[in-house]
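Chemist: Here you go, sequence then predicted model.
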Amino acid sequence: MSDLRDLYEEVILDHNRNPRNFLNKPDGTNRKAHGFNPLCGDEFALHLVVEDGIIKDVGFEGTGCAISTASASLMTEAIKGKTEEEAYALFDKIHKLLLQEDRSADVGKLAVLAGVHAYPTRVKCATLAWHTLHAALESENKTVTTE
Ligand code: ZN
């Protein structure tokens, strides 16, 4: 477990310092959603360009703690180029992983997010970006909250 925790902290720090797809407002955005975690004050807007069922481009903006920022960064990196079905499937797996319903979900490098289990009060920080993704895929241009 301590290896996972070290790796977790390393990845979170890296993605928080240098978030991927941050402040990117892609031309042709046709899906967006806004996510808010009142427990921590994390707040992000997510922009997607979906063409022919494929997520062609993605960007996010907003402010949040290191965990929420890193999770959003990892999420945008993971879904770019994926089909909507693949993104939904990934949402399901990550959701189960973060809620500890299925610890063995195969999510590749995103498995590092399970390190948040060492900090139970921060789980909602980690899930926020994924709920926002789900809302954006559903074309619900609305605010989702973790509460
Ligand atoms: Zn947070």
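Modeler: Now that the structure is in, tell me what you want to look at.
Chemist: ok, the helix-or-strand element of the chain with minimal mean pLDDT: who's next to it in the sheet?
Modeler: Ranked by mean pLDDT, DSSP states H and E, the weakest helix or strand in the chain is strand 143-145, scoring a mean of 81. Next to strand 143-145 in the sheet, as set by DSSP bridges, lie strand 31-37 (parallel).
Chemist: now the strand it pairs with: how far from the chain's centre is it?
Modeler: Averaging C-alpha positions (C-alpha atoms, centre = their mean, to the nearest Å) puts strand 31-37 11 Å from its chain's average.
Chemist: Dump the C-alpha coordinates for that strand into CSV.
Modeler: C-alpha atoms of strand 31-37 as CSV (Å, rounded to 0.1, in the frame of the first residue of the first chain):
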residue,chain,number,x,y,z
ARG,A,31,-20.9,19.2,-24.9
LYS,A,32,-20.3,20.9,-21.6
ALA,A,33,-21.0,20.6,-17.9
HIS,A,34,-20.2,22.3,-14.7
GLY,A,35,-19.2,20.4,-11.6
PHE,A,36,-19.1,21.6,-8.0
ASN,A,37,-18.1,19.9,-4.8
